[in-house]
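[1] okay, sequence plus prediction incoming.
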Number of protein chains: 2
Amino acid sequence: MNIGVLGGGQLGRMLALAGYPLGHGFVFLDRAPEALEGLGSRIIGALDDPGALEELAARVDLVTYEFENVPVEAARALARRVPVYPGPDALEVSQDRLREKTLFRQLGIATAPFAAVDSRPGLERALDEIGLPAVLKIRRLGYDGKGQAVLRERHDADAAWTALGPSPCILEGFVGFTRELSCLGVRGRDGAMAFYPLVENRHEGGILRRSLAPASGAPDADATALVRRLAEHLDYVGVLALELFEAGATLLANEMAPRVHNSGHWTMEGAETGQFENHVRAVTGAPLGSTAAIGWSGMLNLIGAWPEPAAILAVPGAHLHLYGKAPRPGRKVGHVTVRSDDATVVADRLDAIELLIRGAA
Amino acid sequence: MNIGVLGGGQLGRMLALAGYPLGHGFVFLDRAPEALEGLGSRIIGALDDPGALEELAARVDLVTYEFENVPVEAARALARRVPVYPGPDALEVSQDRLREKTLFRQLGIATAPFAAVDSRPGLERALDEIGLPAVLKIRRLGYDGKGQAVLRERHDADAAWTALGPSPCILEGFVGFTRELSCLGVRGRDGAMAFYPLVENRHEGGILRRSLAPASGAPDADATALVRRLAEHLDYVGVLALELFEAGATLLANEMAPRVHNSGHWTMEGAETGQFENHVRAVTGAPLGSTAAIGWSGMLNLIGAWPEPAAILAVPGAHLHLYGKAPRPGRKVGHVTVRSDDATVVADRLDAIELLIRGAA
């Protein structure tokens, strides 16, 4: 099949690398598809350019996307022409933190306390309700820690509102948690689902740095039940990621991503079927592949820059994934995975690679 | 780096898919690079077209090849401009069955008895020397069982010579063997070597059908010693494959391939580092990746046609690799791999897939 992809970043690149062996072709729509040099066919244009969308629809059998800030109207317009997976509803929910959290609550998925904030007085009311510390986030278009302000004391409210208002915001209470987890599920066109083992993630400055999988002693059954509920409610097709905080016996949903997810990159070498292949299988209506882990895996993001590739590849078992993007501070430019049948070997090798990464930063 | 590849078939396709994550770009030279739709940059031209070679040399940092019938003079011409790995000497030896077997003998690598045949009377002399049954092969350009004639009785000689002469030939004696094995090694620019576990192969009609790895109870140490001897003699860089017959305690070398090899396709999912990635690592001067097997693997070729992809993907653990080539009898159009920690699971799943393949043929 010819698969249209909205967005031309690293997730699109890795979708194509996983999809070619299954016999598919790829057409990407992006204003500047930098991560795709030499891969697939490209339509250069904005994601809401009617002519570009028209051309894409004419050239493909179905459309998917590799990031969630695709204009919903563009996805809906495409969906009138060709199948779009996941459907525009999932996209719409995930683009708005308030709608997303409200859906979680509606589905009985626990979250940190939250309240809508549409004005400076509204922020005061929300602070009365949620308490401190709290974090004010713009409802739309935030990512990797951008569009957020932490409020530790009441007088932080002015600066936070100045920085983020008058965008519609959401105020979220801080929750004490033991660790950050993520759960990736994949749902086929026929409704069949499969789940990867839970992943333990470490963020710094709002950006994912390190993942370990399978997360040891993790509540897989609880988490997969939440992802299943979400996916079934949205009649979802493709890989769906849910970021979670583990707080004692409770799992609090932080956010969902209607796409392949950075915390699932370990699956490329560490699971029987990688998340990119499984997303392609799902959207094309093929049977899903096994999501079982093969031993233990770890993943480190390369952010802003990368060490000498030879230095990384000299670490036994290291797999390097560069995205073909120019280095720039704060930008995800690649990742490294490590897999072993021994969890301590994975940890040691990740530490060795992390030293190289910090040396290059 | 920009890597130039002579040839645009499935091996080139899989080199690119493995090389992009390492940050490399690819430029292919081929008259009809059918397996590369959507991948890499392509120069359309004959492999001995001086203008095309000139353009390739100007655009890349090094050149490798994905099949061994590249004109040696083209490789030598390129080598005066950019590094060519493996070197043209390896190419030259592997293109001529007589030179190849003679090199094996010179290096103390056992082979079936053989003799040069340049004329009809020469065939008689060779038959006197080698005996019957025997197989007459053209020295150059044979592949997948083409350019061969089996002689079971003396009077088969006329038909064999009519079919293959006046091309220079080699007559090889039949050897009784228990199984067909192959040994894949990879040698870096610095001379470091790594070896995949031995593979057990089954051919039909001269075409590889099925591989199993690691081959159980196989003489890995003996075989890797032979590949090492060959690679060091040729100052080889890249993946080198040696096809072997196991005859009791003796390993007889059948032929070498100076490239990634069909019998190594299982390594894509079944080894820590796939053969394509390791070839790219080797030719770019990066450290080699681990060649250790992850459990047990099997590979089936898709020849001439392929079953419904969904049927293959419904077999647990099946990984499909289609080459983007039009179906045509006798043509390798894809392969399927299976991996498991349990060898009997691999065998059962291969049997299930083989049924699908035979149904589609």
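    Yes, it's here.
[2] show me which residues of chain A sit near chain B.
    A:13, A:16-17, A:20-23, A:25-26, A:37-41, A:272-273, A:281, A:285-287, A:289-290, A:294-295, A:309-310, A:313-314, A:316-322, A:324, A:334, A:339 (CB under 8 Å from any CB of the partner chain). Heads up, the C-betas are built off the backbone N, CA and C, glycines and all.
[3] can you tell me which of those are buried?
    By neighbour count, with 16 or more other CB atoms under 10 Å in any protein chain shown, those hold A:13, A:16-17, A:20-23, A:25-26, A:38-41, A:272-273, A:281, A:286-287, A:289, A:294-295, A:309, A:313, A:316-322, A:324, A:334, A:339 as buried.
[4] among these, which are in strands?
    With strands taken from DSSP state E, the overlap with these comprises A:Gly25, A:Phe26, A:Ser41, A:Ala318, A:His319, A:Leu320, A:His321, A:Leu322, A:Gly334, A:Arg339.
[5] lowest pLDDT pick from the residues you listed?
    Among these, A:Ser41 has the lowest pLDDT, at 92.
[6] now do the contacts for it.
    Contacts for A:Ser41 (CB atoms under 8 Å, 6 or more residues apart in numbering or on different chains) come out as A:Gly25, A:Phe26, A:Val27, A:Phe28, A:Arg59, B:Gly38.
[7] what residues are bridge-paired with it?
    A:Val27 (DSSP bridges).
[8] so who does whatever residue of the stretch 251-361 of chain A ends up closest to chain B touch?
    The nearest approach of the stretch 251-361 of chain A to chain B comes at A:Leu322, 3.8 Å away (CB to the nearest CB). Contacts for A:Leu322 (CB under 8 Å, 6+ apart) come out as A:Leu302, A:Trp306, A:Pro309, A:Val333, A:Gly334, B:Pro21, B:Leu22, B:Gly23.
[9] any idea how far it lies from A:Ser41?
    From A:Leu322 across to A:Ser41, the span is 22 Å (CB to CB, to the nearest Å).
[10] before we move on, what about A:Tyr65?
    In terms of CB to CB, A:Tyr65 sits 16 Å off from A:Ser41.
[11] and which of the contacts of A:Leu322 is nearest B:Leu98?
    Ranked by distance to B:Leu98 (CB to CB), the contacts of A:Leu322 are led by B:Leu22 at 37.7 Å.
[12] isn't that closest one up against B:Asn278?
    No: assessed by CB atoms under 8 Å, B:Leu22 is found out of contact with B:Asn278, at 10.8 Å.
[13] other residues contacting the helix ranked longest in chain A?
    Taking DSSP state H as the criterion, chain A has its longest helix at helix A:343-360. Residues outside helix A:343-360 that contact it (CB under 8 Å, 6+ apart): A:210, A:212, A:216, A:296-298, A:300, A:302, A:305-308, A:311-312, A:315-318, A:336, A:338-340.
[14] in the stretch 1-150 of chain A, which residue sits closest to chain B?
    Closest residue of the stretch 1-150 of chain A to chain B, CB to the nearest CB: A:Gly23 (3.8 Å).
[15] partner residues bridging the residue lying closest to that residue once chain neighbours are set aside?
    Nearest residue to A:Gly23, sequence neighbours excluded (CB to CB, 6 or more residues apart in numbering or on different chains): B:Leu322, at 3.8 Å. Beta-bridge partners recorded for B:Leu322 (DSSP bridges): B:Gly334.
[16] ok, B:Leu322 to B:Arg210 distance?
    Distance, B:Leu322 to B:Arg210, by CB to CB: 18 Å.
[17] surely the residue of the stretch 1-150 of chain A closest to chain B touches B:Gly324?
    Yes: here A:Gly23 reaches B:Gly324: they are 7.0 Å apart, a contact under CB under 8 Å.
[18] is A:Ser182 bridged to anything, and to what?
    With DSSP bridges as the rule, A:Ser182 is bridged to A:Val199, A:Glu243.
[19] for it, give me its contacts.
    With the criterion set at CB under 8 Å, 6+ apart, A:Ser182 makes contact with A:Leu198, A:Val199, A:Asn201, A:Ser211, A:Ala241, A:Leu242, A:Glu243, A:Leu244, A:His261, A:Ser263, A:Gly264.
[20] the second one reaches A:Ser211, doesn't it?
    Yes: here A:Val199 lies in contact with A:Ser211, judged by CB under 8 Å, at a distance of 5.0 Å.
[21] more neighbours: these two, which one.
    Comparing A:Val199 with A:Ser211 by other CB atoms under 10 Å in any protein chain shown, the one with more neighbours is A:Val199, at 32 against 28.
[22] A:Leu181 versus the more buried one, what's the distance?
    From A:Val199 across to A:Leu181, the span is 7 Å (CB to CB).
[23] and A:Asp348, by the same measure?
    23 Å.
[24] closest to B:Glu255 among the ones in strands among the buried ones among the residues of chain A next to chain B?
    B:Glu255 lies nearest to A:His319 out of those, by CB to CB, at 31.7 Å.
[25] double-check that closest one against A:Thr267; I have them as touching.
    No: taking CB under 8 Å as the definition, A:His319 is not a contact partner of A:Thr267, at 11.8 Å.
[26] give me the mean pLDDT for stretch A:127-145.
    Taken as a whole, stretch A:127-145 has a mean pLDDT of 88.
[27] list the buried ones in it?
    Neighbour counts over stretch A:127-145 (16+ other CB under 10 Å) mark A:Leu127, A:Ile130, A:Ala134, A:Val135, A:Leu136, A:Lys137, A:Ile138, A:Arg139, A:Gly142, A:Asp144 as buried.
[28] go on, stretch A:91-108?
    Quick answer for stretch A:91-108 (16+ other CB under 10 Å): A:91-98, A:100-104.
[29] so what touches it?
    With CB under 8 Å, 6+ apart, stretch A:91-108 has contacts from A:65, A:68-70, A:72, A:75, A:110-111, A:114, A:116, A:137-142, A:168, A:170, A:172, A:226, A:229-230, A:233-234, A:253, A:255-258.
[30] mind listing what A:Pro86 touches?
    A:Pro86 neighbours (CB under 8 Å, 6+ apart): A:Thr64, A:Leu234, A:Tyr236, A:Val237, A:Gly238, A:Leu240, A:Pro258, A:Arg259.
[31] now A:Pro329: how far from A:Ala149?
    20 Å.
[32] give me the more crowded residue out of these two.
    Using other CB under 10 Å as the criterion, A:Pro329 and A:Ala149 rank with A:Ala149 on top: 18 against 8.
[33] ok, and what's touching the helix or strand containing that one?
    With elements taken from DSSP states H and E, the one containing A:Ala149 is strand A:148-151. Strand A:148-151 is contacted from outside by A:127, A:132-138, A:142, A:156-157, A:159-160, A:163-164, A:171, A:206, using CB under 8 Å, 6+ apart.
[34] helices or strands next to the helix or strand just after that strand in the packing?
    Heading C-terminal from strand A:148-151, the first helix or strand you meet, by DSSP H and E, is helix A:156-164. Contact partners of helix A:156-164 among helices and strands, from 3 or more CB pairs under 8 Å, 6 or more residues apart in numbering or on different chains; DSSP states H and E: helix A:120-130, strand A:134-138, strand A:148-151.
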